[in-house]
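**Student:** Next comes the sequence, and after it the predicted model I'd like to discuss.
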Amino acid sequence: MSHQLKPIVSSLHLDNILLPSASGKFKPPSSSYIIHRLRFFNSSSLQKLTLWSFLFLAAILFFFLLSPPSPPPPRRYLQSTTTTTSSIITSSWGGSDWERRVRSSAHVRSKTGLSVLVTGAAGFVGTHVSIALKRRGDGVLGLDNFNNYYDIALKMSRKSLLDRTGVFVVEGDINDADLLRKLFDVVAFTHVMHLAAQAGVRYAMQNPNSYIHSNIAGFVNLLEVCKSVNPQPAIVWASSSSVYGLNSKVPFSEKDRTDHPASLYAATKKADEAIAHAYNYIHGLSITGLRFFTVYGPWGRPDMAYFFFTKDILKGKEISVFEGPNHGTVARDFTYIDDVVKGCLAALDTAKKSTGSGGKKKGAAQLRIFNLGNTKPVPVSKLLSILEKLLKVKAKRKVVSMPRNGDVQFTHANISLAYKELGYKPTTDLETGLKKFVKWYVGYYDPKKKSAW
Ligand SMILES: O=C(O)[C@H]1O[C@H](OP(=O)(O)OP(=O)(O)OC[C@H]2O[C@@H](n3ccc(=O)[nH]c3=O)[C@H](O)[C@@H]2O)[C@H](O)[C@@H](O)[C@H]1O
C-alpha cells in the first residue's frame, strides 16, 4: 500500500498538507504560520476562492438532485445450494406494479369463480391446470421457483404460454414464508392448488435433500401460512401413486395400506399425507390430496420415460426397457393430462371451506384423498411400440432388469371413489394421448434445431 501512495503524495503541494510529527502525532500549526500563509492571498483572490467554492458546491447539489434513485436490491435471490435443486432466476417481488399484476391475474371473472394460488405453475400439471382455470373465469396466480431439475427453457416457454393466457407467474419458492404471506395480503385466495414438488422417483438417489426441501419443508411452510391467514383457503395438492409402493393387491384403492414406499420420493409424499392430516385435525384446514398415476402429455416432463424415449428414438440412442424379476412385465397406469386436469378442477370445485381462523380450528374440516389414474395399465414395452409407430422410427431396445432405485413393477388405480365424489372419468387411452404428445413434441423441438434437444 505505502509504495502506491508515495507518488501521489509527492505530486501534491506538501506545504498545504498537515504532516505528522516525527512522533507520529499531528502537530497543530502555529497562529503566526497561518497569518503568514494568509498574506499570500489578497482580497480578490479570497473572493474568487469563495465564488469557485460556491459554484463547486452548487454543481454537486445539482447532479445529486438530477441523478435517478438507485434501484432497490432484489428482495430474494434463490441460489444454488447443496440441498436443493438450484434455481438460476433472480427473483424480485414487491412494489406497486408487481401487486397490480398479482391482483389482475387473480381477478375472478365469473360469478361463481374461485381465486386460486397455483404453486408449481410453470410445471407440467401446473401449466395445464392454470390455463384450464383461467379459461373458465377463475382468478389464477402462479408461483414457481424455476429450478433446474430439468430444462429451464421449457419452463420459461410454459411461462410465456401462461402470460398469453393472462396468468402471471411469480418467481419464488414455497419455502419463502414472507412471499407467501405477501401474496395472501394482496389477494384473499379461496383455494390453493399445490403442485410445486420435487418429482421423479429415481432422482432421489442423486439428490435426496431436494425432496426434503420441497416436499416436506416447503409443504409445511405452505400449510403454516395457509393455517394463519384469514380466511383460510381450501387446499388441493398432488400426492402420488408411488405411495402404494410395494403393494401387490391390485387395483390400488385409497383404503389400501401405503406404508411400504420404494423410493424417498414416495416416502415424502406419504409423509405429506400424514402432515396434511395433522394440519386438518389441528387447524381446520380443508385438504384434498390427489394421487396422480404417471401423468403424460404435451408440455410434459423431460425426465419421464415417454418423453426421453421419444427424444432417444429420434436420436437413434439405445433405450433401456425395464423388466421385473423372472422377466416380469413392468407396467404403468399412464394417465393423460387432460383427464388429470378435470380431476383437479373437480377437486377444487367440491372442496369445502376450511373451518379455522387465526390458526385455530372452529370445527371439523374436510380431508380427502383420491386416486387419479386411468385404470388401464400398459406395459412399458407397449409404450415404446406406440412411440415407434407414431414416430415411424424403430427404437434400439435393450431389455434390462429394473434397477433398485425407486421404481415399482406396476401401478393400477381403482378410481371408483374419485368417480363417485368428483365425477372423475378418464377418457383418453395411451395411444390417443401419445399421438397428441408426439405432435406437440415435434412442433416444439424443431428438428432443424437439433442442438436444443
Ligand atoms: O405416478 C407417480 O406418482 C409417479 O409417476 C412418474 O413416475 P414413473 O411412473 O416411474 O414414470 P417414469 O419415470 O416415466 O417411468 C415410466 C415407466 O418406465 C420405466 N422405465 C423408466 C426409465 C427407463 O430408462 N426405462 C424404463 O423402462 C419405469 O420403470 C416405469 O415403469 C413420475 O415421474 C413421478 O414423479 C410420479 O409422479
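**Tutor:** That came in fine, so what should we check first?

**Student:** Spell out which parts of the stretch 151-300 of the chain neighbour the ligand.
**Tutor:** 199-201, 240-242, 292-294 (Cβ under 6 Å from any ligand atom). The way it works is simple: take the backbone N, C-alpha and C, and place the C-beta from them, glycine included.

**Student:** mind listing which of the residues you listed are in helices?
**Tutor:** Among these, no member falls in helices (DSSP state H).

**Student:** from the residues you listed, which two are the most distant?
**Tutor:** G200 and F293 (15.0 Å; Cβ to Cβ).

**Student:** Flag the shaky bits of the stretch 301-450 of the chain, pLDDT-wise.
**Tutor:** In the predicted model, the stretch 301-450 of the chain carries pLDDT under 70 at residues 447-450.

**Student:** need the strands for it, in chain order.
**Tutor:** For the stretch 301-450 of the chain, the strands defined by DSSP state E, counting those that start in this stretch occupy 318-323, 331-332, 335-336, 367-372, 378-379, 396-401.

**Student:** Please apply the same query to the stretch 151-300 of the chain.
**Tutor:** Remark: strands assigned in the stretch 151-300 of the chain by DSSP E, counting those that start in this stretch are 168-171, 191-194, 234-240, 287-292, 295-296.

**Student:** Just name the most buried of those.
**Tutor:** With neighbours defined as mean count of other Cβ atoms under 10 Å, these peak in mean count at strand 191-194, which reaches a mean of 28.

**Student:** What strands line up against it, and which way round?
**Tutor:** Paired with strand 191-194 in the same sheet, following DSSP bridges, are strand 115-119 (parallel), strand 234-240 (parallel).

**Student:** hmm, who's touching it?
**Tutor:** Contact with strand 191-194 is made by 114-120, 126, 129, 133, 174, 219, 222, 226, 233-238, 344, 348, 351, as judged by Cβ atoms under 8 Å, 6 or more residues apart in numbering.

**Student:** Which residue comes closest to the residue in the stretch 1-150 of the chain positioned nearest to the ligand once chain neighbours are left out?
**Tutor:** Closest residue of the stretch 1-150 of the chain to the ligand, Cβ to the nearest ligand atom: V125 (9.1 Å). Leaving aside its sequence neighbours, V125 sits nearest to L195 (Cβ to Cβ, 6 or more residues apart in numbering; 5.3 Å).

**Student:** gap between the one you found and V243?
**Tutor:** Computed as Cβ to Cβ, to the nearest Å, the L195 to V243 distance reads 16 Å.

**Student:** next one: G328
**Tutor:** 22 Å.

**Student:** neighbour count winner among the two?
**Tutor:** Per other Cβ atoms under 10 Å, whichever of G328 and V243 has more neighbours is V243, with 27 against 13.

**Student:** Quick check: the gap between the more buried one and Y444.
**Tutor:** From V243 to Y444 the distance is 32 Å (Cβ to Cβ).

**Student:** Could you give the number of residues near A271?
**Tutor:** Neighbours of A271 using other Cβ under 10 Å come to 18.

**Student:** In this structure it contacts I216, no?
**Tutor:** Yes. A271 lies in contact with I216 (Cβ atoms under 8 Å); the separation is 6.1 Å.

**Student:** Specify the beta-bridge partners of S240.
**Tutor:** Counting by DSSP bridges, the residues bridging with S240 are F292.

**Student:** separation between it and H107?
**Tutor:** Remark: distance between S240 and H107 (Cβ to Cβ) = 32 Å.

**Student:** List the contacts of the nearest residue to V250 once chain neighbours are set aside.
**Tutor:** Nearest non-adjacent residue to V250, counting by Cβ to Cβ, 6+ apart: H412, 4.5 Å away. For H412, the contacting residues are 250-252, 331, 333, 373, 375, 377, by Cβ under 8 Å, 6+ apart.

**Student:** before we move on, what about I282?
**Tutor:** Taking Cβ under 8 Å, 6+ apart, one finds K361 in contact with I282.

**Student:** per-residue confidence at it?
**Tutor:** According to the prediction, I282 has pLDDT 96.

**Student:** show me where the stretch 251-400 of the chain has helices.
**Tutor:** 264-283, 305-315, 337-350, 380-391 (DSSP state H, counting those that start in this stretch).

**Student:** Just send these back as JSON lines, with distance to F146 too.
**Tutor:** What follows is the helices of the stretch 251-400 of the chain, written out as JSON lines (distance: least, Cβ to Cβ, whole Å):
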{"stretch": "helix 264-283", "distance to F146": "20"}
{"stretch": "helix 305-315", "distance to F146": "19"}
{"stretch": "helix 337-350", "distance to F146": "20"}
{"stretch": "helix 380-391", "distance to F146": "29"}
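
**Student:** nearest to Y419, of those helices?
**Tutor:** That would be helix 337-350 among these, by Cβ to Cβ, at 9.9 Å.

**Student:** For the closest one, list every residue counted as buried.
**Tutor:** By neighbour count on 16 or more other Cβ atoms under 10 Å, the buried set for helix 337-350 is 337-348.

**Student:** for stretch 390-410, same thing?
**Tutor:** Buried residues in stretch 390-410 (16+ other Cβ under 10 Å): 390-391, 395, 397, 402, 406-410.

**Student:** Would it count as contacting the ligand?
**Tutor:** Yes. For stretch 390-410, a contact with the ligand is found by Cβ under 6 Å from any ligand atom, at 402, 407.

**Student:** First-to-last residue distance for that stretch?
**Tutor:** End-to-end distance for stretch 390-410, by Cα to Cα, to the nearest Å: 24 Å.

**Student:** where does the stretch 51-200 of the chain dip in pLDDT?
**Tutor:** The stretch 51-200 of the chain contains residues with pLDDT under 70 at 51-91.

**Student:** And the residue of it that's closest to the ligand?
**Tutor:** Across the stretch 51-200 of the chain, the shortest distance to the ligand (Cβ to the nearest ligand atom) belongs to A199, at 3.6 Å.

**Student:** number of nearby residues for that residue?
**Tutor:** 27.
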